[in-house]
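Student: Would you be able to build a 3D model of this:
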Amino acid sequence: MDKGNYTAVTEFFLVGLSHYPGLQMFLYAICLVMYLVILLGNSMLIIISILDPHLHTPMYFFLGNLSFLDICYTSSSIPQMLITVMSERKSISFIGCALQMILSLGLGCTECILLAVMSFDRYVAICNPLRYTIIMNNGLCVQMAAWTWIIGCLNTLLPSVLALIKPFCGNIIDHLTCEILALLKLICGDISINVLLLTVGSILYLLTPLLLIFFSYVFILSTILRINSSEGRKKAFSTCSAHLTVVILFYGSALCMYMKPKSKDTKIFDEIFGLSYGIVTPMLNPIIYSLRNKEVKDAVEKLLLRNLYLKRI
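Tutor: Coordinates of the predicted model:
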């Protein structure tokens, strides 16, 4: 591509996996089902955590934030992706692409921070159980959640704006969504500043929260091993395994996406990694965080029994 051939871009064409029409149809079906599961599972978790007074705790407050975040995160890209996959033209407006990129990047950063906040909540609950309610009071929880959203969303502004104001040498994005790494490949001229910002952002919003999670669980595991009750150890390990499963899946795919060396050609693996933390993880979050939890199961049963009782009346 000639880097001097600037193009006034008013729309982009998303041609990711267009050379694999059979795979596109399979992708449409599986992503549609996953998206519906995300909406149902996360919405149910939010409703249950609001209706059941027993779930009015810091843990479920942050889980409610995570569920709402996952709904917003997937809704910022998946519906448009489903439309694009089934469309012959596969186009998206410049404004639509910009909004999708800003929202998905900002909400992705927010989830990184929120996972670290949730690990801190588990650290206080297990390592300082007697002071848990004092430390994790309502005011602190609200402030932590608010700053998580603010900091995560603010991170996306500078790299996104700097990418969008650059001249483009084309408007064909070899990706399923308007992902910033794929968009940078269309920019004419030097993108070293953009790459530097993304690298710094990856360190701040991927590696730093991951390190905080790691050290939190070092202290958590050391505390668990000192618990005399086997039932207590089992319950604590179950909480850790659920959180760590999501952390490994989300951070693993995100790190592979944003920290690995980039080539000029978009790889099919980039699409898979993007889908992994973009739709698979939000789908699994309600299951591995809460739906396996006895408190949530009891809350669901109470809600169902209450509805059946009201219908009989």
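
Student: If you drop the residues flanking it in sequence, what lies closest to residue 41?
Tutor: Leaving aside its chain neighbours, residue 41 sits nearest to residue 286 (3.7 Å; criterion: C-beta to C-beta, 6 or more residues apart in numbering). C-beta here means a position set from N, CA and C on the backbone, and glycine is covered the same way.

Student: Give me the neighbour count for residue 220.
Tutor: 23 (other C-beta atoms under 10 Å).

Student: Show the model's pLDDT score for the residue nearest to residue 41.
Tutor: Residue 286 is assigned 82 on the pLDDT scale.

Student: Could you pull up the residues touching it?
Tutor: 41-42, 44-45, 67 (C-beta atoms under 8 Å, 6 or more residues apart in numbering).

Student: so what's residue 300 scoring on pLDDT?
Tutor: If you check residue 300, the pLDDT there is 70.

Student: Check whether residue 59 really touches residue 126, as I assumed.
Tutor: No. Look at residue 59 against residue 126 with C-beta atoms under 8 Å: they stay out of range, at 11.2 Å.

Student: list the buried ones in stretch 96-113?
Tutor: Residues 97-113 are the ones in stretch 96-113 that count as buried (16 or more other C-beta atoms under 10 Å).

Student: In helices, which of the residues you listed fall?
Tutor: Per DSSP state H, helices hold the following members of these: 97-113.

Student: Strands of the protein, start to end?
Tutor: For the chain, applying DSSP state E gives strands covering 11-14, 91-93, 172-173.

Student: Tell me the strands beside the second one, with direction?
Tutor: Yep, that's strand 91-93 we're talking about. strand 11-14 (antiparallel) (DSSP bridges).

Student: same thing with the last one?
Tutor: As defined by DSSP bridges, the strand partners of strand 172-173 come to strand 11-14 (parallel).

Student: Using CSV, write out the CA atom coordinates for the strand it pairs with.
Tutor: What follows is strand 11-14 as a C-alpha-only set of coordinates in CSV (Å, rounded to 0.1, in the frame of the first residue of the first chain):
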residue,chain,number,x,y,z
GLU,A,11,-16.8,4.5,6.1
PHE,A,12,-14.8,1.3,6.7
PHE,A,13,-15.3,-2.2,5.4
LEU,A,14,-14.9,-5.0,7.9
